[in-house]
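J.: A structural model of the following input is requested.
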Amino acid sequence: MTAVHRMDPTGATLQEDAAALRESAAACPVLLPGDVPAMIISRYQELRDFLADPKVAKNARHFAAFQEGRIPAQWQLNAFALANGMTTADGDDHRRLRGLATKAFTPRRVAAMRPWIEALAAELLAALPGHAAADGVVDLRRHFAYPLPMGVICELLGVDTTYRDRLHLLTHRLVSTSSTAAAAMAAQGEIHAILGQVVTDRRKRPGDDLTSALIAARDDEAARGGEGAGLSDSELTGTLLLMIVAGHETTLNLITNAVRALSGHPDQLALVLAGDASWDAVVEETLRWDSPVANFPFRYPTSDLVVDGTPVPRGTAVLAAYAAAGRDPREYGPDAARFDITRADTRHLAFGHGAHYCLGAPLARLEAVIALRALYTAHPGLTLAVPDDTLEPLPGFIGNSVAALPVRLG
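T.: Now for the predicted structure:
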């Protein structure tokens, strides 16, 4: 039996831990914060198969430790296990919730957002030099990589600008496994309160946004006396919470990780600046090589499974190790750990796989391509202001990035 690995809540050695787990076994036992036992799947093919397995569920009613009362009442990961929305739904419930949300992410609607995203990127870049310190250093994560996707998802959802910075701070606490259980649960409660107010605002003043559309679907179903087609109040706020977190935290990490990767691989940057590779290729290779989400909770087998010879008992909480799978040499060959935007095999699992594949993937890709193209068009000489190995990792083993990205614009 593979030794039990204690997940580091700080994420300080995330990639090293990912490689060690991947090379140990396809599925490994781990301990989560609060000494909660779980398992992690870290190899590409086994993880892909597991994500698509119909005998694997997302709803915590299949989480044996929770159902048996073995999970602490206050737990850092409760939001991931117990949220009431699309991310924790299965079967017909999942199809119903996803069907309602899909309307916001049709190819036509995403494409229609391009001019708005380009204008926001230009506005942020124009202001970027003004954020530089006296020595010319500016935190690109804070002043560009964060406000772009946060602005986009809030525009899409109809969230007022007054809530945005607070929501970012709270979702950061929620995602960070280094937060105390009390802090994570307090953040979850405050987020729900803010989103409840957003729903109230949009009900009074509906607009051309997803929240208004979801409210209309809910109210229309209630008016007809139907059941099951619309969203309950908790499903509505749960869906909005998912979209706020996934809609800006992951794209923020993606843009940050891409700039960091290009800064550390000037030969690759030269290719794309010369037109010999595309910005789309940069985004796809970043998603593979430095996935914005390292380890996503949770899935639960509904019957005993065996993953490459390792038993995964029914009801076990399982982490999907996207960062580890992205560098699996069994899938990508002996150079899997190399950042290469000319790589022929561009497949990855950074947006998941199967029924729960990320709805917002096309929007995230569009935002990242627009952001990177605009950034390097304006500042082709951009460089890191400090050595890469001194960058502080983002706290936690779920999100994967650095806490700040100090650069000189050149």
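J.: low-confidence ranges, this structure, go.
T.: 1, 218-230 (pLDDT under 70).
J.: repeat the analysis, applying 80 as the threshold.
T.: 1-2, 103-104, 217-233 (pLDDT under 80).
J.: right, and residue 396 touches residue 174 too?
T.: No: contact criterion C-beta atoms under 8 Å: residue 396 and residue 174 do not qualify, at 9.9 Å. C-betas here are computed from N, CA, C, even on glycine.
J.: higher neighbour count, those two?
T.: Remark: of residue 396 and residue 174, residue 174 carries more neighbours, 29 against 25, as counted by other C-beta atoms under 10 Å.
J.: pretty sure the more buried one sits against residue 184.
T.: Yes: between residue 174 and residue 184 there is a contact under C-beta under 8 Å: 5.8 Å.
J.: what touches both of these two?
T.: residue 79 (C-beta atoms under 8 Å, 6 or more residues apart in numbering).
J.: for the stretch 1-150 of the chain, just list every one of the helices.
T.: 14-24, 44-52, 64-67, 78-82, 91-102, 107-112, 114-127, 140, 147-157 (DSSP state H, counting those that start in this stretch).
J.: so how many other residues sit close to the residue lying closest to residue 316 once chain neighbours are set aside?
T.: Excluding the flanking residues, the one nearest residue 316 by C-beta to C-beta, 6 or more residues apart in numbering is residue 39, at 5.4 Å. Using other C-beta under 10 Å, residue 39 has 23 other residues around it.
J.: so what's residue 39 bridging to?
T.: Going by DSSP bridges, residue 39 is paired in beta bridges with residue 29, residue 318.
J.: so it versus residue 241, what's the distance?
T.: Separation of residue 39 from residue 241 (C-beta to C-beta, to the nearest Å) stands at 26 Å.
J.: cool, and residue 153?
T.: For residue 153 relative to residue 241 (C-beta to C-beta), the value is 12 Å.
J.: kindly report the same for residue 315.
T.: Distance from residue 315 to residue 241, by C-beta to C-beta: 25 Å.
J.: cool, and residue 61?
T.: Residue 61 sits at a distance of 19 Å from residue 241 (criterion: C-beta to C-beta).
J.: and those two? which has more neighbours close in?
T.: It is residue 241, of residue 61 and residue 241, that has more neighbours when counted by other C-beta under 10 Å, with 24 against 12.
J.: all helices for the stretch 201-350 of the chain, in order.
T.: 210-223, 233-244, 250-264, 266-273, 279-289, 322-325, 329-332.
J.: of those, which is nearest residue 91?
T.: Minimum separation from residue 91 across those (C-beta to C-beta) falls at helix 233-244, 14.6 Å.
J.: who touches the closest residue in space to residue 161 that isn't next to it in sequence in this structure?
T.: The shortest distance from residue 161 to any non-neighbouring residue, by C-beta to C-beta, 6+ apart, is to residue 154 (7.1 Å). By C-beta under 8 Å, 6+ apart, residue 154 lies in contact with 160, 161, 163, 164, 167, 244.
J.: ok, those residues vs residue 375, which is closest?
T.: Closest to residue 375 out of the contacts of residue 154 is residue 164 (20.9 Å), distances taken as C-beta to C-beta.
J.: wait, the closest one touches residue 150, no?
T.: Yes: taking C-beta under 8 Å as the definition, residue 164 is a contact partner of residue 150 at 5.5 Å.
J.: more neighbours: these two, which one.
T.: residue 150 (23 against 18).
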